[in-house]
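Q: sequence-free structure coming up:
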């Protein structure tokens, strides 16, 4: 009993420190962006207001499409793991992950799983299986990021050979994931069952590709809408930066921070405005999912 109490205290301490780190990181990022935009308020406001209404509407639709595609990929992994969750319930849980993702990626995963377990305790697998069910999706996303990591070389001044190392690391990790998928004795490995299915695995890759391409097109549209002369490679780099920074306690400023990091040389104010619009589209995406959900039964 004493050991259990000690473990519980350590967990509570970890949660409290995570909250403090998240708050400090979010405030620090916001302060840094404010400093970079000092003296550029009018330029920032002009860039923010220059986005046409139709562009904003299209980007919101692309965001909704990306969420639906990724949620369907999650549905596939859970179904292969033995889950019988209703699609409506799963999509609702997925929208909770979007809200959690505005803080950081870890909270997004925790929010999705908690919402799913609470809404469908009988139809959803155990928590370890649900955690593992996220890995095949992440593996596909990581492979796409590694294949396109060359887009970061120019903006960040990285060595040309770094993308090759990324490809090797991701390839080794995916090979290890496939080996783990062959194990069926534990709840954790059950979440990797889709890796053993060629048909479902192919559909998973297709849905992830749809989600990623929708987000790339969204980025490209918003960057041009605020006056940034960005290529599709720039839009890909911004997406990789957003996903990478989301692992840190950056908070809701992650979109603006990523855009400034990649395209600040094109104009800090315009890049920050595009990032703010990205975050705004993420917020609207959760609401849009509620409207789209009834058609997905």
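A: Ah, there it is. Since we're looking at a predicted model, the values are computed, not measured.

Q: geometrically speaking, which residue is the centre of the chain?
A: In the chain, the residue lying closest to the centroid (Cα atoms, centre = their mean) is residue 243, at 5.4 Å.

Q: so that one touches residue 141, yeah?
A: Yes. Taking contacts as Cβ atoms under 8 Å, residue 243 lies within contact range of residue 141: 7.4 Å. For the C-beta atoms, the positions are set from N, CA and C on the backbone; glycine is no exception.

Q: quick one: low-confidence ranges for the stretch 151-297 of the chain?
A: Counting by pLDDT under 70, the stretch 151-297 of the chain contains low-confidence ranges at 184-185, 281-297.

Q: can you give me the helices for it?
A: Along the stretch 151-297 of the chain, counting by DSSP state H, counting those that start in this stretch, helices occupy 153-156, 162-181, 187-190, 198-225, 232-245, 254-263, 268-292.

Q: likewise the stretch 1-150 of the chain?
A: Counting by DSSP H, counting those that start in this stretch, the helices of the stretch 1-150 of the chain are 2-36, 41-49, 53-80, 87-101, 105-119, 127-133, 135-147.

Q: could those helices go into TSV alongside mean neighbour count?
A: Formatted as TSV, those follow (neighbours: other Cβ atoms under 10 Å):
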stretch	mean neighbour count
helix 2-36	12
helix 41-49	15
helix 53-80	20
helix 87-101	20
helix 105-119	18
helix 127-133	21
helix 135-147	20
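
Q: can you tell which of those helices is closest to residue 215?
A: Of all those, helix 53-80 sits nearest to residue 215, with 5.1 Å by Cβ to Cβ.

Q: show me what the closest one is packed against.
A: The helices and strands touching helix 53-80, judged by 3 or more Cβ pairs under 8 Å, 6 or more residues apart in numbering; DSSP states H and E, are helix 87-101, helix 127-133, helix 135-147, helix 198-225, helix 268-292.

Q: per-residue confidence for the closest residue to residue 193 other than its chain neighbours?
A: Leaving aside its sequence neighbours, residue 193 sits nearest to residue 80 (Cβ to Cβ, 6 or more residues apart in numbering; 4.3 Å). You'll see residue 80 listed with a pLDDT of 93.

Q: do the same with residue 40
A: Looking at residue 40, its pLDDT stands at 77.

Q: next one: the one 5 residues further on
A: Per-residue pLDDT puts residue 45 at 83.

Q: any idea how far it is from residue 275?
A: 15 Å (Cβ to Cβ, to the nearest Å).

Q: re the thing from before, quick check, the residue nearest to residue 193 in contact with residue 200.
A: Yes. The pair residue 80 and residue 200 passes the contact test of Cβ under 8 Å, sitting 5.4 Å apart.

Q: returning to what we had before: residue contacts, the residue nearest to the residue nearest to the centre of the chain when sequence neighbours are not counted?
A: Spatial nearest neighbour of residue 243, chain neighbours left out: residue 145 (6.9 Å); criterion: Cβ to Cβ, 6+ apart. With contact set as Cβ atoms under 8 Å, 6 or more residues apart in numbering, residue 145 has these partners: 166, 170, 240, 243.

Q: returning to what we had before: now distance to residue 111 too, for the helices of the stretch 151-297 of the chain, in CSV please.
A: Below are those laid out as CSV (distance: least, Cβ to Cβ, whole Å):
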stretch, distance to residue 111
helix 153-156, 30
helix 162-181, 24
helix 187-190, 20
helix 198-225, 18
helix 232-245, 17
helix 254-263, 16
helix 268-292, 11
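
Q: closest to residue 67 out of those?
A: helix 268-292 (5.4 Å).

Q: so for the nearest residue to residue 188 once chain neighbours are set aside, what's the pLDDT?
A: Counting by Cβ to Cβ, 6+ apart, residue 128 is the residue found nearest to residue 188 once chain neighbours are left out, at 4.4 Å. Here, the pLDDT recorded for residue 128 equals 89.

Q: what does residue 63 give?
A: Looking at residue 63, its pLDDT reads 89.

Q: quick check: it vs residue 246, distance?
A: 15 Å.

Q: likewise residue 191?
A: For residue 191, the distance to residue 246 - Cβ to Cβ - is 22 Å.

Q: quick one, which of the two is more surrounded?
A: Using other Cβ atoms under 10 Å, the more surrounded residue of residue 191 and residue 246 is residue 191, with 29 against 22.
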